[in-house]
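[1] 3D, please:
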Amino acid sequence: MVKIAVIGAGFMGRTHAEAYSRIELAQVAAVCDRDKALGEKFAEDFGCSFYEDFDTMAAECEFEVADICLPTFLHETFTVRAAEHGKHIFCEKPATLSVESLDRMIGAAEKAGVNLMIGQVVRFWPEYRTAKQMRDNGELGELNYAYGARLSEHPAWSEWYRRPENSGGGLFDLHLHDIDFFCWMFGEVESVFASGKKNELGCWNFVNSTLNFQSGQSASVQGVIEMTKGYPFTMELRLTGSKATYEYIMKAGANLEDVASARRDTRVYGQDGARILPLDETDAYETELRHFVACISEHRESEIIPAASARKVMCVMEALKTSLETGKQVAVDYGKRQPLV
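    Numbering: from 1, shown residues only. Predicted coordinates:
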């Protein structure tokens, strides 16, 4: 049994706890949040202990994993603290807002000999996994076009989310999902070009990106996190090859709270016409966390999202930010990770 302490009792923390409740080898042992009312309600709902202080929890409570579901600007601090306490770490995306920061997180985990996995959940989303599988096994033929989009009204979770230094804005919190998927599918990126618009606080919340991969493949990606109020959370994926086109469209409620009732449509357009694929009701968060728990139980790093892969995606994100700020095409610099001093 892998015992988990969830750090952050908000929407994502509860999403993770619900997923763990369906995983046979997992048990939520504790929750940590500075909001006492929120934390106590979480503890009551999931039958675990509540702590307001992380270090106290680490000293008093028995657990192997710290699952970090905090605001982005706190990820590095709590990842390092968890590693120092010898805890394995699952950290929600975005891992952080710079390669330098992520290097410190990875270095701390390596120094402590613990596992660090970043929750880049699209790699576990059934329709995206199907798309990659069809591309990899040649069902789509030679790929000529790749497009992804993620559109949302602005989340109303908290004020911290609106500040670029805290959340990274739509670029890091939303756009990253599709960037990550295409990096997973096509490998290392050679160069990027991005255009967009900042909001009044300096967040890049309207972004159009082009990724040019070292393999010669390219992908176009749209990300908007300030759609008109009431616009449904929307995901789109379109892959056009010499044999077939794969298309996935999902429209949910505001953000992802209403994903269970979302309108989802997956089709493959081939020479024999259109084929509608059956809906896959698998919960991506459960799949992701089930995989992570298995990695901890089997003493191995994730082969789907190893820390080095998450780092490469962060390098691409930094290049996109530079392109947005300069208006120029930018080469992706993967560099070498600096050793932890």
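
[2] Make sure I have this right: residue 267 is in a strand.
    Yes. According to DSSP: H, G, I helix; E, B strand; the rest coil, residue 267 belongs to a strand.

[3] That one bridge partners, please.
    residue 247, residue 276 (DSSP bridges).

[4] In this structure it contacts residue 276, no?
    Yes. The criterion here is Cβ atoms under 8 Å, and residue 267 meets it with residue 276 at 5.4 Å. C-beta here means a position set from N, CA and C on the backbone, and glycine is covered the same way.

[5] of these two, who's got more company?
    residue 267 (15 against 9; other Cβ atoms under 10 Å).

[6] What distance do you get for the residue nearest the centre of the chain to residue 310?
    With distances taken as Cα atoms, centre = their mean, residue 120 lies nearest the centre of the chain, 2.7 Å away. Counting by Cβ to Cβ, to the nearest Å, the gap from residue 120 to residue 310 is 6 Å.

[7] just residue 221 next, same as before
    18 Å.

[8] just residue 128 next, same as before
    16 Å.

[9] and what of residue 80?
    16 Å.

[10] Compare these two (neighbour count), which wins?
    The neighbour comparison of residue 80 against residue 310 (other Cβ under 10 Å) goes to residue 310, with 25 against 19.

[11] Tell me the secondary structure at that one.
    Going by three-state DSSP: residue 310 is helix.

[12] what do you get for the one 10 residues further on?
    Three-state assignment for residue 320 (three-state DSSP): helix.

[13] my guess is it contacts residue 209, does it?
    Yes. With contact defined as Cβ under 8 Å, residue 320 and residue 209 form a contacting pair (5.7 Å).

[14] Just the CA trace of stretch 116-124, in CSV.
    Output of stretch 116-124 as CSV, limited to C-alpha atoms (Å, rounded to 0.1, in the frame of the first residue of the first chain):
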residue,chain,number,x,y,z
LEU,A,116,9.5,12.9,-9.1
MET,A,117,6.7,12.8,-11.7
ILE,A,118,5.0,15.8,-13.2
GLY,A,119,1.3,15.6,-13.9
GLN,A,120,1.2,16.3,-17.6
VAL,A,121,-2.1,14.5,-17.8
VAL,A,122,-2.7,14.7,-21.6
ARG,A,123,-0.3,11.8,-22.0
PHE,A,124,-2.9,9.7,-20.2
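
[15] Just give me how far the helix or strand of the chain with the lowest mean pLDDT sits from the chain centre.
    The helix or strand of the chain with the poorest confidence is helix 164-167; it has a mean of 89 (mean pLDDT, DSSP states H and E). Mean-position distance between helix 164-167 and its chain equals 16 Å (Cα atoms, centre = their mean, to the nearest Å).

[16] contacting residues around that helix?
    71-73, 97, 160-161, 173, 201-204 (Cβ atoms under 8 Å, 6 or more residues apart in numbering).

[17] In ChimeraX, select just the buried ones from those.
    Selection of buried members from these for ChimeraX, criterion 16 or more other Cβ atoms under 10 Å:
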select :71,72,73,97,161,173,203,204
